[in-house]
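Student: model the structure of this input:
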Amino acid sequence: MNLLSVTIERYLKVVHNTWSKKVLRRWVKISAVAFTWISCTVYDTAVVFSTSDVIDGVCYAFVFWENRVTAVAHSIFNFTYFFVVVLIVFVFCYWRILVVIRRQARVMAGHIGPGSSTTQDRLFCRRSSPQQEQEQQQGE
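Tutor: Next up is the predicted model:
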């Protein structure tokens, strides 16, 4: 969950730069980290205490559920919330960050001014064909 907080903060800093300068103060970041730790601790504590027991000196955690349906429902929730949702947020945030960075690279390439096509090819990671490379070498 901490990685999720960091990912969202990066997304806001890159994609919504002006808004993040106004809203993302130090106390907001500290509150997000505190909320993450406290909520996860409360959630895990509630589940562990309600589904664990000590038998003959051995602690069995996450074993004693009220019924099978509750155990399956918890497993589905756990997988969905802590894997699927987190993965979707990661992909969305980093995809949008990549789109913004590429757009900014194009804008900056437009400010460079006239230059050789090899400079622009290197900026946009385009590979030229062997024929184009020969023509460029002959032109230089």
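
Student: list the buried residues in the one helix or strand residue 109 maps to.
Tutor: Residue 109 is part of helix 86-112 when elements are defined by DSSP states H and E. For helix 86-112, the neighbour count (16 or more other C-beta atoms under 10 Å) marks 93, 97 as buried. All C-beta spots, glycine's among them, are computed from the backbone N, C-alpha and C.

Student: next one: that helix to chain centre, how far?
Tutor: 13 Å (C-alpha atoms, centre = their mean, to the nearest Å).

Student: OK, contacts around residue 66?
Tutor: Residues counted as contacts of residue 66 (C-beta atoms under 8 Å, 6 or more residues apart in numbering): none.

Student: remind me which residues of this structure are low pLDDT?
Tutor: Residue ranges of the chain with pLDDT under 70: 113-140.

Student: which stretches of it form helices?
Tutor: In the chain, the segments counted as helices under DSSP state H are 2-15, 17-23, 26-51, 68-79, 86-112, 117-123, 130-139.
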